[in-house]
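> okay, structure incoming, though there's no sequence with it:
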């Protein structure tokens, strides 16, 4: 009886997994099939013959490489800056007493639930005033205000015993030294989660770069994909191929750090 | 370790004060970069959005003060009410679906089985795919003329369904994609919560001869109550902000039948360049999300008291 139900459960779970994976599989099939094959009569659930033109054509016609470089630059710089800012602020809010600490923390956390679209017009004005419209920095800088990462950093650092920090103080270490030599080495799991999530948010971000970046040469991959959608219309082969290419870094990061994703998500439960 | 603490705190008062002052300075220095970016790019825009919403702006022209004019316009703007209704419908359908599917997946994958980790990862995978890519898959699968969904439906004699030319099917296709994206997150949070239920509770139920269905209804689901509530709140707040998949997959169409509050605000602000009006919509959206958050707070604190 139990063995039967175990088999049913496995069958259910695998069916579900196949269904969840199918859209990605279908992307792959579309990406390597000719559009004539995809439109032709009858259902083709696997490629009739492999066709690489879907990949090479758009790469030759559109500045896809430039978009990829823009995306990488924005994601890498944003991750580096955001993680440093969040770690420092997390330490301050978790371990150091300073005037206004609680008020500031509550104000920052309350922005968690503010939809991007509420502040997009004033943020856009700021970016225009700073002369950053159309530049990568216009995409990066406003997004450094990342409340969720700051919240995670503070929660993690609260769990570091005060005694460790006080012992280092007694040894005569200054706070910056303590932060570097005592606190940061304990924060490896935190840093991993912060890097992974910030990378995912910045890599996948769409609405804000769409607002800031005007010149097609300056697009990120996500905005570029929308541009391609308008170019290709009903020809989904190239579109799926380019979309797949844009997903590769995320898929690699996910495959490598899958455990961090799931644990980070489960522990924090937001976003 | 304890004696160290007491010696530190028992230092001479003068040194203590300077120590405190130093700590405060260091604290401010460490928090300064974060506080600066939040002040400039979050707090200030949150104040400004109210100000801008009282003006009429077209393009980069000079703003004209209109007081509550934009809000009056909102009240009589049919598209705004359509967008609000669409957002509500989308939320009311997709949030419970994600919740039930996530719970089912969590219950299933909480049991031991071969390749459990891999299967869980596959359920979660769509959550790391960008909204744009997900929307492109959706647009392709649900393409009315040549998409796979309609071809399969036609093959079994149920199609074609007008996914792109009629409102309700278009909304349904968005919900389907949102389920695909959101299921994994709900599952992961439920899985974590299931681990937190004490084993004894289930054992006691089994000893009393409770059936599986009864155990699920009387024990598991009530025990998961706070998690469910949390997921509903997060789900509602997130779906009130749904932008990427809508903008790319349906573009709000056909007509305005899938226009959401945020896509409408975006098009008002950045396509029609009426930034005052867009800000007014933003303020309304802000108030809606604020009310939902407050409701969540109150329910939560009531539960803590009880």
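Thanks, I have it. Since the model is a prediction, treat every value here as computed from it, not as a measurement.
> can you tell me the element the residue nearest the centre of chain B falls in?
Here the mean C-alpha position of chain B is nearest to the C-alpha of residue B:238 (CA atoms, centre = their mean), at a distance of 1.6 Å. Assigned by DSSP states H and E, residue B:238 belongs to helix B:225-239.
> the helix or strand that that helix is followed by: how far from the chain's middle?
Following helix B:225-239 in sequence order, the next helix or strand is helix B:244-249 (DSSP H and E). Centroid displacement of helix B:244-249 relative to its chain, using CA atoms, centre = their mean, to the nearest Å, is 15 Å.
> does chain A sit close to helix B:244-249?
Yes - Helix B:244-249 lies within reach of chain A by CB under 8 Å from any CB of the partner chain, at B:244, B:247-248. (C-beta placed from N, C-alpha, C; glycine too.)
> same question for stretch B:221-234.
Yes - legend: contact between stretch B:221-234 and chain A by CB under 8 Å from any CB is shown at B:230, B:234.
> list of residues touching that stretch?
Residues outside stretch B:221-234 that contact it (CB atoms under 8 Å, 6 or more residues apart in numbering or on different chains): A:269-271, B:95, B:99, B:102-103, B:186, B:189-190, B:193-194, B:197, B:201, B:292-293, B:296, B:299-300, B:303.
> picking that back up, now, which of the residues of helix B:244-249 next to chain A sits nearest residue B:142?
residue B:248 (12.5 Å; CB to CB).
> which helix or strand contains the nearest residue to the closest one once chain neighbours are set aside?
Once flanking residues are discounted, residue B:248 sits nearest to residue B:135: 3.6 Å by CB to CB, 6 or more residues apart in numbering or on different chains. Element membership for residue B:135, per DSSP H and E: helix B:131-141.
> which helices and strands sit right next to that helix?
helix A:2-31, helix A:221-232, helix A:236-268, helix B:148-155, helix B:167-196, helix B:244-249 (3 or more CB pairs under 8 Å, 6 or more residues apart in numbering or on different chains; DSSP states H and E).
> same thing but 7 Å
If contacts are counted by 3 or more CB pairs under 7 Å, 6 or more residues apart in numbering or on different chains; DSSP states H and E, helix B:131-141 sits against helix A:2-31, helix A:221-232, helix A:236-268, helix B:167-196, helix B:244-249.
> and the fourth one, what's buried?
Using 16 or more other CB atoms under 10 Å in any protein chain shown as the burial criterion, the residues of helix B:167-196 that qualify are B:167, B:169-171, B:173-194.
> hey, which of the helices and strands packed on helix B:131-141 is tucked in deepest?
Among those, helix B:244-249 has the highest mean neighbour count (mean count of other CB atoms under 10 Å in any protein chain shown), at a mean of 25.
> could you identify the helix or strand that succeeds that one?
According to DSSP H and E, the helix or strand after helix B:244-249 is helix B:261-266.
> so which elements touch that following helix?
helix A:116-129, helix B:78-109, helix B:275-305.
> can you list those helices in CSV and add mean neighbour count?
Listed next are those as CSV, based on neighbours: other CB atoms under 10 Å in any protein chain shown:
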stretch, mean neighbour count
helix A:116-129, 22
helix B:78-109, 19
helix B:275-305, 18
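> which helix or strand contains residue A:133?
Counting by DSSP H and E, there is no helix or strand that carries residue A:133.
> for it, give me its contacts.
A:127, A:212 (CB atoms under 7 Å, 6 or more residues apart in numbering or on different chains).
> quick one, phi/psi of it?
Main-chain dihedrals, residue A:133, degrees, to the nearest 10: phi -70, psi 140.
> which residue lies nearest the spatial centre of chain A?
Most central in chain A (CA atoms, centre = their mean) works out to residue A:200, at 1.3 Å.
> ok, that residue touching residue B:130?
No - Residue A:200 sits out of contact with residue B:130 when judged by CB atoms under 7 Å, with a separation of 8.8 Å.
> where do the helices sit along the stretch 51-200 of chain A?
Applying DSSP state H, counting those that start in this stretch to the stretch 51-200 of chain A gives helices spanning A:53-61, A:64-95, A:101-110, A:116-129, A:136-140, A:147-158, A:162-170, A:175-178, A:184-186, A:188-204.
> any chance of those helices in CSV, with mean pLDDT too?
Shown next, in CSV, are the helices of the stretch 51-200 of chain A (pLDDT from 0 to 100):
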stretch, mean pLDDT
helix A:53-61, 90
helix A:64-95, 96
helix A:101-110, 92
helix A:116-129, 91
helix A:136-140, 95
helix A:147-158, 90
helix A:162-170, 87
helix A:175-178, 87
helix A:184-186, 92
helix A:188-204, 91
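> format those as TSV; extra columns: distance to chain B.
Shown next, in TSV, are the helices of the stretch 51-200 of chain A (distance: least, CB to the nearest CB, whole Å):
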stretch	distance to chain B
helix A:53-61	13
helix A:64-95	3
helix A:101-110	5
helix A:116-129	4
helix A:136-140	11
helix A:147-158	6
helix A:162-170	4
helix A:175-178	4
helix A:184-186	12
helix A:188-204	4
